[in-house]
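*Asks:* A predicted structure for the sequence below; I have some questions about it.
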Amino acid sequence: MVIGGGATTRSAVHALYTLGMNPIFLANRDAQEVQATIADFASKAQGRKGAVELIHLTSVDDVEKHLGQNATDRKPGVAMIVGAIPGV
């Protein structure tokens, strides 16, 4: 799971995917940043096998849907969380 949505998020996603983690969950208040990250990785994956699966978690319902005990769309659990939010 990566918290954030900018350039550091893209680097974190790349690193996690390289380490074999997939899917990767994204959490960020700015949906447009997350969609830009998802689109960026989708465009790089065209014609390749094993593309990274990025899932934007926007609510508690999303977390339950993908990770909860009674998940309807069960995904592998979170193994690592990376904060990609700049310091103030």
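*Replies:* Structure received.
*Asks:* pLDDT on the lengthiest helix in the chain, on average?
*Replies:* Across the chain, the longest stretch assigned as helix under DSSP state H is helix 31-45. Helix 31-45 shows an average pLDDT of 87 in the prediction.
*Asks:* now the element after it, going C-ward?
*Replies:* Of the helices and strands lying after helix 31-45 in sequence (DSSP states H and E), the nearest is strand 54-56.
*Asks:* for the record, mean pLDDT for that next one?
*Replies:* Averaged across strand 54-56, pLDDT comes to 94.
*Asks:* now do the buried residues in stretch 51-69.
*Replies:* Buried residues in stretch 51-69, counting neighbours by 16 or more other C-beta atoms under 10 Å, are found at 52, 54-57, 62-63, 65-67. Every C-beta, even on glycine, is put in place using the N, C-alpha and C of the backbone.
*Asks:* pull the distance from it to the chain's centre.
*Replies:* 9 Å (C-alpha atoms, centre = their mean, to the nearest Å).
*Asks:* against Asn22, how distant is the closest residue to Pro23 other than its chain neighbours?
*Replies:* Counting by C-beta to C-beta, 6 or more residues apart in numbering, the nearest residue to Pro23 once its immediate chain neighbours are dropped is Glu53, at 3.7 Å. Glu53 is 6 Å from Asn22, where distance means C-beta to C-beta, to the nearest Å.
*Asks:* do Asp40 as well
*Replies:* Applying C-beta to C-beta, the value for Asp40 to Asn22 is 16 Å.
*Asks:* surely Glu33 and Ala7 touch.
*Replies:* No: contact criterion C-beta atoms under 8 Å: Glu33 and Ala7 do not qualify, at 10.2 Å.
*Asks:* who has more neighbours, these two?
*Replies:* Neighbours were counted for Glu33 and for Ala7 using other C-beta atoms under 10 Å; Glu33 has more, 16 against 10.
*Asks:* got the contact list for that one?
*Replies:* 5-6, 9 (C-beta atoms under 8 Å, 6 or more residues apart in numbering).
*Asks:* please redo it, this time with the cut-off set to 7 Å
*Replies:* The contact partners of Glu33, by C-beta atoms under 7 Å, 6 or more residues apart in numbering, come to 5-6.
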